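# pasted the sequence and its predicted model underneath.
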Amino acid sequence: MKFNKESILQSIGDCKKSTPVKISSTVLKSVFRWFILLSIGYIVLYPLFYMITTSISTKEAFLDPTSVWIPNSVTLENFTFMYKVMDYGAALLATLRIEMVSALLEVFTCAIVAYGFARFKFPLRKILTALLFVTILIPTPMIVMPLMTNFSKLDFLGILGLFNKISGIDLRPDLLGTPWTFYLPSLFASGLKSGLLIYIYIQFFKGLPYELEEASWIDGAGPIRTFFAIAVPSSGVVILTVIVFSIIWHWNDYFMASMFMDEGYPLAVTMSKLHDLLNYNGIYLSPEKPNGLAYVLTGCLMFIIPPLIFYLIVQHWFVESIDRVGITG
């Protein structure tokens, strides 16, 4: 191929002409991308910013129409009042003792069940897998009455019931109102959204190299030792994903807690009763007393602060784990 002076100069001229167009196109794309991201961020963060501003505003600043985002005067009285109204310390302790313990138990037991589904072939495996998806599809309110019946007189394979018929002595314990209504399902990988957690684990375990397990078996390790020595250390990303999901779902759970507990409610149940708690303390939500909204928003902010702090701590690893596990939607 021959090059002459005229063709080279023409090519240089074409590059100079096209460069401003390409730069303008790149700039426009960047501006449009930032506009979309900022718009979505504003929509998502607007409620949080409004809750923070309202919670720290005094009554006069809240009723002042000239100040919206920056209050004229700041106070922590709303937090002090709502702490007493919600009995925040006891409710937070109940949440940690009941919901968070159940969440962590599910993280462990669901991993064991999912490893069995993903790595072993056993009778009725396909049928049990189909039942796993059924547990994901069936909503909790549809099975709450059978659960309450079982927990009110807990039995295993009808053994205690048969003993009751023979001897007249009823040894079936009533677990309603105790944390065991949450602990037992979690121990058997059948708690809150356990089916979905098991499915996430299964998808990850299927991608683990079989060579790692085969090498462990050659060294004399059994299935249990292989699970704890090979599968668990290699599953840090999916474990973090499941931990975040499980903790958030249990933190927001109020239906099961309101059904099974009769006192010592967690924060989610307290939030569902917030209107009645405020009325009991003389705060009514009405146009004549609009500052009652400030107390409601303060309570909402106090409810979301702990999981928000937790997510801010782990969000970097969580985003990376979502990308590696391959969860979409």
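Nice, thanks for sending it over.
# low-confidence bits of the stretch 101-250 of the chain, can you list those?
Within the stretch 101-250 of the chain, no range satisfies pLDDT under 70.
# number of residues surrounding residue 163?
Burial measure for residue 163: 15 neighbouring residues, criterion other CB atoms under 10 Å. Bear in mind the C-beta positions are built from the backbone N, C-alpha and C, glycine included.
# next up, the contacts around it.
For residue 163, the contacting residues are 169, 171, by CB atoms under 8 Å, 6 or more residues apart in numbering.
# if we go to 7 Å?
residue 171 (CB atoms under 7 Å, 6 or more residues apart in numbering).
# secondary structure element for it?
If you go by DSSP states H and E, residue 163 is part of helix 159-167.
# so for the helix or strand immediately after that helix in the chain, what gets flagged as buried?
With elements assigned by DSSP H and E, the helix or strand that comes after helix 159-167 is helix 180-187. For helix 180-187, a neighbour-count test (16 or more other CB atoms under 10 Å) marks 180, 181, 182, 183, 184, 185, 186 as buried.
# still on that earlier bit, kindly export the helix holding residue 163 (C-alpha atoms) in CSV.
Extracted in CSV, the C-alpha atoms of helix 159-167 (Å, rounded to 0.1, in the frame of the first residue of the first chain):
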residue,chain,number,x,y,z
ILE,A,159,-45.6,-39.4,69.8
LEU,A,160,-46.6,-37.1,72.6
GLY,A,161,-50.2,-37.0,71.4
LEU,A,162,-50.3,-40.8,71.5
PHE,A,163,-48.9,-40.8,75.0
ASN,A,164,-51.6,-38.3,76.0
LYS,A,165,-54.3,-40.6,74.7
ILE,A,166,-52.9,-43.6,76.6
SER,A,167,-52.0,-42.0,79.9
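# could you check the pLDDT of the nearest residue to residue 177 once chain neighbours are set aside?
In space, and not counting its chain neighbours, residue 177 is closest to residue 262: 4.6 Å by CB to CB, 6 or more residues apart in numbering. Note on residue 262: pLDDT of 83.
# got it, and residue 286?
Confidence score, pLDDT, at residue 286: 68.
# do the same with residue 320
With respect to pLDDT, residue 320 scores 64.
# check the one 3 residues further on too.
Among the per-residue scores, residue 323 holds a pLDDT of 55.
# could you check how many residues crowd around residue 178?
By the measure other CB under 10 Å, the count of residues near residue 178 is 17.
# rewinding a little: how about the buried residues of helix 180-187 in TSV, adding distance to residue 90?
Listed next are the buried residues of helix 180-187 as TSV, based on distance: CB to CB, whole Å:
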residue	distance to residue 90
180	19
181	19
182	17
183	19
184	24
185	24
186	22
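# and which of these is nearest to residue 115?
Using CB to CB, residue 186 comes nearest to residue 115 of those, at 17.0 Å.
# residue contacts, that closest one?
102, 105, 106, 109.
# okay but the third one is in contact with residue 190, surely?
No: because the distance of 9.1 Å does not satisfy CB atoms under 7 Å, residue 106 is recorded as not touching residue 190.
# who's more crowded, these two?
Taking neighbours as other CB under 10 Å, residue 106 and residue 190 compare with residue 106 leading, 30 against 17.
# and the closest residue in space to that one that isn't next to it in sequence, how far from residue 258?
Ranked by CB to CB, 6+ apart and with sequence neighbours excluded, the top spatial neighbour of residue 106 is residue 186, at 4.6 Å. Look at residue 186 and residue 258: by CB to CB, to the nearest Å, they are 18 Å apart.
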